[in-house]
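Q: I need the structure of the sequence given here:
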Amino acid sequence: MTVLSKRGLFPNPRVGKLDFCKHCIYGKQKHANFGTAMHRTRGTLDYIHFDFWGPAAQVTSKEGCVYLQTFINDYSMKVWVYFLKHKDEVYETFKQWKTLLEKEIGKIVKRLRTDNGLEFYGAVFNEY
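A: Sure, this is the predicted structure:
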């Protein structure tokens, strides 16, 4: 636009002088790339991805659930999905899932990765 302005190709003479536009500069910025995380899982329950999602929509399920809680085993890519009615059911569902799986497989969960959502913080999760 500066080149066009210097050549006099703008029909409006007020546009002849172009001011610094901070929004244009911000729009051209690039985000720094995140490094790729390298973790190697050697067995079941070594690394579990844990997420909570919702409320899903204005329409509830037949049971009245609007939230979704998922657990993904990084080693086998097995997925467990739980449908929840209330957000405060996250901790109890996690405890039930962990107890069930550890008894069934005979191993303990070594690492649990979350997206640092606020539903994973609180006194009950910290004590556990």
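Q: so residue 52 sits in a helix?
A: No. Assessed with DSSP: H, G, I helix; E, B strand; the rest coil, residue 52 is strand; it does not lie in a helix.
Q: That one reaches residue 66, doesn't it?
A: No. The criterion here is Cβ atoms under 8 Å, and residue 52 misses it with residue 66 at 11.8 Å. Every residue, glycine included, has its C-beta placed from N, CA and C.
Q: So between the two, which is more surrounded?
A: residue 52 (21 against 17; other Cβ atoms under 10 Å).
Q: so who does the more buried one touch?
A: Counting by Cβ atoms under 8 Å, 6 or more residues apart in numbering, residue 52 makes contact with 67-70, 87, 90, 117, 119-120.
Q: Distance check, it against residue 81.
A: As for residue 52, its distance to residue 81 is 11 Å (criterion: Cβ to Cβ, to the nearest Å).
Q: next one: residue 65
A: According to Cβ to Cβ, residue 65 stands 11 Å off from residue 81.
Q: neighbour count winner among the two?
A: It is residue 65, of residue 65 and residue 81, that has more neighbours when counted by other Cβ under 10 Å, with 17 against 9.
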